[in-house]
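In: just to be clear, the model below is a prediction. Sequence and coordinates:
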Amino acid sequence: MILVALAILLSTAAGVASERRTPRAMRAAELSLTAMLYVLMPFVAYASFAHLHLSLAGAAGLVVAWIGLGAAGVLAWGIGRRMHLPRPSLGGLICTVTIVNTGYVGLPLIVVLLGARVLTPAVAYDQAVSAPFFFTVGFAIGAAFGVGEKPSISGQIQALLFRNPPLAGAVAGLLVPAAWAPHVLVVASRLAVDALIVPGFFAVGVYLSADPSQRLLERPDRRVLVALALRFGVNSALLEAVSVAGVAIPSVYLFQAVMPSGLTSLILGRRFGLDQGLIATVIIWSTVAVLAVATTVYLV
């Protein structure tokens, strides 16, 4: 738990310090995000989906989670329009609400707090909900709201199919036999997921300090508060309601539902020209909130 928190803190601090000391920091952050999108994430998707095993007991919960993320995104769109947000900010708001860090923050926290025995359903959630939601809906959001992108249906489909390397990795993993992704690749993919914390939060630090006219960490404004409320409230409330109604949903799904906004939102922001400042701020505040609660639970 402490190591995860330290890795996030130090990586973000390194990004902030680099942005303030060298003009090449932004380029380094962009290269980090590009490497995540075109190299690490397709590899992780391939190795993970080649060994995806989904039990019937948890299938209903995964469907509910998809519905919950979709509902949160629709609410973010409606509220953002009433706030008269420009398209890049509106797209960034929706991304921070629907793209969730259930992988390289959620999985380590689950192991620390709940034990390795619940890791399998947690991985299933990450692979069957968060990852494909990013591959598909996330890229569609970027194409629809990004600067310079045509919001037509055909444009969204083209972006989804031809500007989406992780989706290609996931499809390849689903098509090949599991033997084509031996255990050594699976282990390497999990190490890659853990390693993504460093370049991902380095980029967060760079984008946070990119505007010298603003303070490093602004007090949450209305946009950030809306993002946090929808990120933590909608999907978890729906899963809890279905669970109370009698559907056997693994309890670890509820844990994954309240993870912070995903670092991969920055990849969408860079790829499609969304509001990177808003995205980085929501990522930081949501991550701080989750780490504060998790650390308190761990120490108690």
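Out: Yep, it's here. Worth saying up front: this structure is predicted, and the values here are computed from it rather than measured. Numbering: from 1, shown residues only.
In: let me see the backbone angles for the most centrally placed residue in the chain.
Out: Most central in the chain under C-alpha atoms, centre = their mean is G262, positioned 2.2 Å from the mean C-alpha point. With angles defined as degrees, to the nearest 10, G262 sits at phi -80, psi 140.
In: can you list the low-confidence ranges for the protein?
Out: Applying pLDDT under 70 to the chain flags the ranges 1, 148-163, 211-218.
In: for it, which helix is longest?
Out: For the chain, the longest helix by residue count, based on DSSP state H, is helix 56-82.
In: ok, N164 - contacts?
Out: N164 is in contact with 135, 139, counting by C-beta atoms under 8 Å, 6 or more residues apart in numbering. C-beta coordinates here come from the backbone N, C-alpha and C atoms, glycine included.
In: from F272, how far off is it?
Out: Distance of N164 to F272, given as C-beta to C-beta, to the nearest Å: 11 Å.
In: try A144
Out: Where F272 is concerned, A144 sits at a distance of 9 Å (C-beta to C-beta).
In: these two - which one has more neighbours?
Out: F272 (24 against 21; other C-beta atoms under 10 Å).
In: quick check, the more buried one in contact with G91.
Out: Yes - contact criterion C-beta atoms under 8 Å: F272 and G91 qualify, at 7.1 Å.
In: give me the nearest residue to L90, chain neighbours excluded.
Out: Spatial nearest neighbour of L90, chain neighbours left out: G80 (4.3 Å); criterion: C-beta to C-beta, 6 or more residues apart in numbering.
In: ok, now L40?
Out: In space, L40 is closest to A192, 5.1 Å off (C-beta to C-beta, 6+ apart).
In: I'd say that neighbour and A45 touch.
Out: No - checked against C-beta under 8 Å, the pair A192 and A45 is beyond contact range at 10.6 Å.
In: neighbour count winner among the two?
Out: Applying other C-beta under 10 Å to A192 and A45 shows that A45 carries more neighbours, namely 26 against 17.
In: the closest residue to that one other than its chain neighbours: how many residues sit nearby?
Out: Excluding its sequence neighbours, the residue lying closest to A45 (C-beta to C-beta, 6+ apart) is G169, at 3.7 Å. Counted with other C-beta under 10 Å, the neighbours of G169 add up to 23.
In: residues making contact with the host helix or strand of G169?
Out: Element membership for G169 (DSSP states H and E) is helix 165-175. Residues outside helix 165-175 that contact it (C-beta under 8 Å, 6+ apart) are 37-38, 41-50, 52, 131-132, 134-136, 139, 160-161, 181.
In: contacts only, for G262.
Out: 99-103, 130, 134, 283.
In: check the gap between the closest residue in space to T98 that isn't next to it in sequence and I67 for me.
Out: Nearest residue to T98 in three dimensions, chain neighbours excluded: G73, at 4.4 Å (C-beta to C-beta, 6+ apart). Distance of G73 to I67, computed by C-beta to C-beta: 11 Å.
In: could you do M36 as well?
Out: From M36 across to I67, the span is 28 Å (C-beta to C-beta).
In: again with L299
Out: For L299 relative to I67 (C-beta to C-beta), the value is 35 Å.
In: so between those two, which is more surrounded?
Out: Neighbour count, other C-beta under 10 Å: between L299 and I67, I67 has more, with 15 against 8.
In: so the more buried one touches L238, yeah?
Out: Yes - when contacts are counted by C-beta under 8 Å, I67 is listed as touching L238 (6.7 Å).
In: quick check, R219 in a strand?
Out: No - counting by DSSP: H, G, I helix; E, B strand; the rest coil, R219 is not part of a strand but coil.
In: next, count neighbours for it.
Out: By the criterion of other C-beta under 10 Å, R219 has 8 neighbours.
In: and it, what does it touch?
Out: Contact partners of R219, counting by C-beta under 8 Å, 6+ apart, are absent.
In: cool, and L268?
Out: 95, 99, 134, 138-139, 141-142, 274.
In: can you list those residues in CSV and add distance to A116 and secondary structure?
Out: Formatted as CSV, the contacts of L268 follow (distance: C-beta to C-beta, whole Å; DSSP: H, G, I helix; E, B strand; the rest coil):
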residue, distance to A116, secondary structure
C95, 31, helix
I99, 26, coil
F134, 25, helix
G138, 29, helix
F139, 32, helix
I141, 34, helix
G142, 35, helix
L274, 36, coil
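In: thinking again about what came up before, separation between the residue nearest to A45 and I284?
Out: G169 is 28 Å from I284, by C-beta to C-beta.
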